[in-house]
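Enquirer: 3D model of this:
(one chain, ligands or ions: 2)
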Amino acid sequence: MDEVKFFDEGALVAVLTTQPLDRLLDYKAPEGGCLTGAFVEVPLGPRKVLGLVWGPGRGDFDINRVRSVIRVLDAAPMRPEMREFLLRVADYTLTPMPAMLRLATRAPGLGGAPSMRKVYRRGAAEPDRLTPARKRVLAALADYGDLTFTLRELAEMAGVSPSVVKGLVKLGAVLEEDSPRDLPYPRLDPDYGAKVLNDDQAAAAALLRDKVAGGGYGTSLLKGVTGSGKTEVYLEAVAETLRRGRQALVLLPEIALSAEFLTRVQARFGAPAAEWHSGVTMTERRRCWRMVGEGGAQLVVGARSALFLPFRDLGLIVVDEEHDTSYKQEDGVVYHARDMAVLRASICAAQVVLASATPSLESWVNARAGKYEKLELTSRFGAARMPGMAAIDMRGEDLPSNRWISPTLAEAVRARLEKGEQALLFLNRRGYAPVTLCRACGHQIGCDQCDARMVEHRFLKRLVCHQCGDSRPIPETCPSCEARDRLAPVGPGVERLAEEVSELFPEARLAVLSSDLFASARALKEQIVKIAEGGADIIIGTQLVAKGHNFPRLTLVGVIDADLGLQGSDLRAAERSFQLMRQVSGRAGRTENPGVALLQTWQPEHPVIRAILAGDEEAFWQAEAREREAARVPPFGRLAGVILSSPDVQEVFDFGGELARRDAPLRAIGARVYGPAPAPIARIRGRHRARLLVKADKGAPLQGALRKWVAQIEVPRNLRLQIDIDPQSFY
Ligand code: ADP
Ligand code: ZN
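Expert: Ligands and ions are numbered 1, 2, ... in the order given. This is a model prediction of the structure:
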């Protein structure tokens, strides 16, 4: 990275903008000069756009026509390590730099003066009547001396509703003021709510603390079954990072559902962390972005894009549930947050903790090779035990058609209901039925825009395309043969399963957890809390329930179709299925009551099912690693997917064929190209899709070769070419 320089007024500077241009633009430094890394506003044609001073100008443009930077924005300049990170990600993912800059500046109003906001501090008056709630507010303020807080922060810290604070304002005991600035977040106290750790946990925490204290780069894989205390352990690493005066970032896969986690953080450090995800208001986003850069935020809990926040001194990144597929960003800049977290940490001398009960094969292999330190928590904390696992062989069950709960499973559910415990039925399919079939002509209703079948959602009274989201009312006549009342649902979704449950257990209180049934993340959160408190007897859920919620009364997990994930040609089908089944099963028996997980399957002898039942994880990983190594696929080889899409199907295949023929740059590094083939979903939103797959050896310089390869042919205007390095899903 170029070193940071100061440019005097009028000096030529090269500016990276967020506009899709393939080069830096020269400008003159503004009045007062500017630094390398400064965020600036520059004129571009008739517009003003956001830019970043990248270095000295190139001077290859008519100096008389070079315009001036309009102004330097009031934000901390981007640090050299952040610029290096953006460059490296761009290089790895083949992303143009303007798109990287957009990703790194996703906060509104960066340039504008921060708007006014209401803040609260201790006033002189004493309230006439001191309720416990009011006492807590005043105590929270007393704890922090002269600091001010937003309404929400103060209410949260005191554990009261905002109206209590407002009441104190009326009495003059709390002052409400306008503050023109983005406020620093309340200080966290690393020693506030530390727990006494058990031996396993203490050993892992001590190791992580040492690594953090060492001040260099390193990655650890923290493995342990659900409930073993991984969170407690990595919060100790966060605490050590805070003690050293550095910043920490915790990435979570389902951030919208992280209320439970945020409460824990607050209990551990005495004040709330900064949040960064799509559910955060624009004002809070800007505050987070700025405070991270100025050092006014010590801990950020965020979604994957939080990796691109301008931390002043990032010392630790935790990637919780590191195997989760949602860490792969599939739109726009296509990157894997876990891998980019490791990259960022290696640049800024930070530690990475990858936490999971069922690590990805990639991380498992890296740990085996000694690249990652492996820390293992072997048992559940306290009295909780891993559930017993058993298969229900569906070949031996007497089940009428259009029924999915076997007598054996139904019996097990009944036993739980009698004891007042909860049962979870897991089916990873939203809606009522995956297929709607005409019994007269055999037609299956598909989406007009996509090569996908419409899924009946009875709750919404509509057919919905799960690819593009398009929906329409459920028709009465077949769209193909116009026969009346002959349309029939085929196969189960969670809504249909709910019908069956209501018939089987009319007395039971039933809750369905599926993302589409809730208007907002908040509504979903509330429902989860209710269920955890015992507000339901039977829970039906999609993969949403696999992720870190605690249902203390849950003692039975029934997997409706354990074979579902084993189908398909996806490289990671076995791995995913294994992870999901283990995770879902881990929901049972989190307290004293021992749990049991029952897997309905038509192929109990399948190696993946057998590995799940045996609980022999190491054997599973080893077998899976051997197979992938033999096939020289990731993590033992490299893949890149190329998706071509266009409204014109001929164009897609012509272009793809031409690319495949001109494969010399790929052959030069020993790589091979396969395809073009129709993508598994051959049409989405009216665009036809073809796929090429490039396969290379592990050490091959793939990115450079790909760049040369695609640069050979000009991409037609209507055609989109998207390169996906290390593709995770194949659709
Ligand atoms: P994981 O992250 O591995 O799923 P958690 O850290 O969430 O596990 O721990 C599971 C539960 O056990 C949580 O409620 C947690 O607070 C509790 N727990 C774990 N370790 C301890 C400890 N040392 N002291 C007190 N409670 C603990
Ligand atoms: Zn569609």
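Enquirer: can you point me to the longest strand in this protein?
Expert: Looking only at the chain and at elements set by DSSP state E, the strand with the highest residue count is strand 672-684.
Enquirer: which is the next helix or strand following that one?
Expert: Of the helices and strands lying after strand 672-684 in sequence (DSSP states H and E), the nearest is strand 687-697.
Enquirer: that following strand pairs with which strands?
Expert: With DSSP bridges as the test, strand 687-697 is paired with strand 637-646 (antiparallel), strand 672-684 (antiparallel).
Enquirer: can you tell me the closest non-neighbouring residue to Glu275?
Expert: Distance criterion Cβ to Cβ, 6 or more residues apart in numbering; nearest residue to Glu275, sequence neighbours excluded, is Val301 at 5.5 Å. C-beta here means a position set from N, CA and C on the backbone, and glycine is covered the same way.
Enquirer: now do the same contact list for the one you found.
Expert: With contacts defined as Cβ atoms under 8 Å, 6 or more residues apart in numbering, the neighbours of Val301 are 250, 252, 255, 258, 261-262, 265, 273-276.
Enquirer: who are the packing partners of the helix or strand that contains Lys525?
Expert: Taking DSSP H and E as the criterion, the element that holds Lys525 is helix 521-532. Under the contact criterion of 3 or more Cβ pairs under 8 Å, 6 or more residues apart in numbering; DSSP states H and E, helix 521-532 touches strand 510-513.
Enquirer: okay, now the sheet partners of the strand it packs on, with direction.
Expert: Taking DSSP bridges as the criterion, strand 510-513 sits next to strand 538-541 (parallel) in its sheet.
Enquirer: next structured bit after the strand it pairs with?
Expert: Next helix or strand after strand 538-541 toward the C-terminus (DSSP H and E): strand 554-559.
Enquirer: now do that next one against helix 521-532, angle only.
Expert: The directions of strand 554-559 and helix 521-532 differ by 120 degrees, with axes from the mean of the first three to the mean of the last three Cα atoms, to 10 degrees as the criterion.
Enquirer: tell me what the helix or strand that strand 554-559 is followed by is packed against?
Expert: On the C-terminal side of strand 554-559, the closest following helix or strand by DSSP H and E is helix 573-585. Identification of packing neighbours for helix 573-585 by 3+ Cβ pairs under 8 Å, 6+ apart yields strand 554-559, strand 596-601, helix 607-614, helix 617-631.
Enquirer: and helix 573-585 with helix 617-631, angle?
Expert: Computed by the same axes, to 10 degrees, the angle between helix 573-585 and helix 617-631 is 160 degrees.
Enquirer: buried set for helix 573-585?
Expert: By neighbour count on 16 or more other Cβ atoms under 10 Å, the buried set for helix 573-585 is 574-585.
Enquirer: work out the gap between that helix and the centre of the chain.
Expert: Taking the mean of its C-alpha atoms, helix 573-585 sits 18 Å from the chain's own mean (Cα atoms, centre = their mean, to the nearest Å).
Enquirer: redo the buried residues of helix 573-585 as a markdown table? Include distance to Glu240 and pLDDT.
Expert: What follows is the buried residues of helix 573-585, written out as a markdown table (distance: Cβ to Cβ, whole Å; pLDDT from 0 to 100):
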| residue | distance to Glu240 | pLDDT |
| --- | --- | --- |
| Ala574 | 37 | 80 |
| Glu575 | 32 | 84 |
| Arg576 | 34 | 81 |
| Ser577 | 37 | 79 |
| Phe578 | 33 | 82 |
| Gln579 | 29 | 82 |
| Leu580 | 33 | 79 |
| Met581 | 35 | 78 |
| Arg582 | 30 | 79 |
| Gln583 | 28 | 78 |
| Val584 | 33 | 77 |
| Ser585 | 33 | 77 |
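Enquirer: for the residue lying closest to Leu299 once chain neighbours are set aside, report the pLDDT, please.
Expert: When the adjacent residues along the chain are set aside, Leu299 lies closest to Ala273, with 4.3 Å between them (Cβ to Cβ, 6+ apart). In the prediction, the pLDDT value recorded for Ala273 is 94.
Enquirer: same thing with Arg385?
Expert: At Arg385, the pLDDT value in this model is 62.
Enquirer: go on, the one 10 residues further on?
Expert: The score at Arg395 is 93. That number is its pLDDT.
Enquirer: quick check: it touching Thr601?
Expert: No: with contact taken as Cβ atoms under 8 Å, Arg395 and Thr601 are classed as non-touching, separated by 9.3 Å.
Enquirer: more crowded one of the two?
Expert: When Arg395 and Thr601 are compared for neighbours, Thr601 comes out ahead with 23 against 8, by other Cβ atoms under 10 Å.
Enquirer: now that one: closest residue in space, sequence neighbours ignored.
Expert: Closest residue in space to Thr601, ignoring its immediate chain neighbours: Ala562 at 4.4 Å, by Cβ to Cβ, 6+ apart.
Enquirer: backbone dihedrals for Val119, both of them.
Expert: The phi and psi torsions at Val119 (degrees, to the nearest 10) take the values phi -130, psi 160.
Enquirer: distance check, it against Leu94.
Expert: Distance check for Val119 against Leu94: by Cβ to Cβ, to the nearest Å, it reads 45 Å.
Enquirer: strands of the stretch 51-200 of the chain, start to end?
Expert: 71-72, 117-122, 174-179 (DSSP state E, counting those that start in this stretch).
Enquirer: looking at the ones you listed, which is nearest to Asp324?
Expert: For these, the distance to Asp324 is smallest for strand 117-122, at 34.3 Å, taking Cβ to Cβ.
Enquirer: the helix or strand that Val13 is a member of: partners in the sheet, and parallel or antiparallel?
Expert: Counting by DSSP H and E, the element that carries Val13 is strand 12-17. Partner strands and pairing direction for strand 12-17 (DSSP bridges) are strand 25-28 (antiparallel), strand 47-56 (antiparallel).
Enquirer: CSV for these, including distance to ligand 2?
Expert: Formatted as CSV, the entries for these read as follows, by distance: least, Cβ to the ion, whole Å:
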stretch, distance to ligand 2
strand 25-28, 40
strand 47-56, 35
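Enquirer: got TSV for those, with mean neighbour count and mean pLDDT too?
Expert: Converted to TSV, those look like this (neighbours: other Cβ atoms under 10 Å; pLDDT from 0 to 100):
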stretch	mean neighbour count	mean pLDDT
strand 25-28	21	95
strand 47-56	20	93
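Enquirer: looking at the stretch 51-200 of the chain, what residue ends up closest to ligand 1?
Expert: Lys195 (3.9 Å; Cβ to the nearest ligand atom).
Enquirer: tally of neighbours for the residue nearest to that residue when sequence neighbours are not counted?
Expert: Setting aside the residues directly before and after it, Lys195 is nearest to Glu232 in space (Cβ to Cβ, 6+ apart), at 5.8 Å. Residues contacting Glu232 under the criterion other Cβ under 10 Å number 20.
Enquirer: just the CA atoms of the helix or strand encompassing Glu232, as PDB, please.
Expert: Using DSSP H and E, the secondary-structure element containing Glu232 is helix 230-243. What follows is helix 230-243, C-alpha atoms only, in PDB (Å, rounded to 0.1, in the frame of the first residue of the first chain):
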ATOM      1  CA  LYS A 230     -18.800 -21.800  22.900                       C
ATOM      2  CA  THR A 231     -20.400 -18.400  23.200                       C
ATOM      3  CA  GLU A 232     -19.200 -18.000  26.800                       C
ATOM      4  CA  VAL A 233     -15.700 -18.900  25.700                       C
ATOM      5  CA  TYR A 234     -15.400 -16.600  22.800                       C
ATOM      6  CA  LEU A 235     -16.900 -13.700  24.900                       C
ATOM      7  CA  GLU A 236     -13.800 -14.200  27.000                       C
ATOM      8  CA  ALA A 237     -11.700 -13.500  23.900                       C
ATOM      9  CA  VAL A 238     -13.800 -10.400  23.300                       C
ATOM     10  CA  ALA A 239     -13.200  -9.300  26.900                       C
ATOM     11  CA  GLU A 240      -9.400  -9.700  26.500                       C
ATOM     12  CA  THR A 241      -9.500  -7.700  23.200                       C
ATOM     13  CA  LEU A 242     -11.400  -4.900  25.000                       C
ATOM     14  CA  ARG A 243      -8.800  -4.900  27.800                       C
END
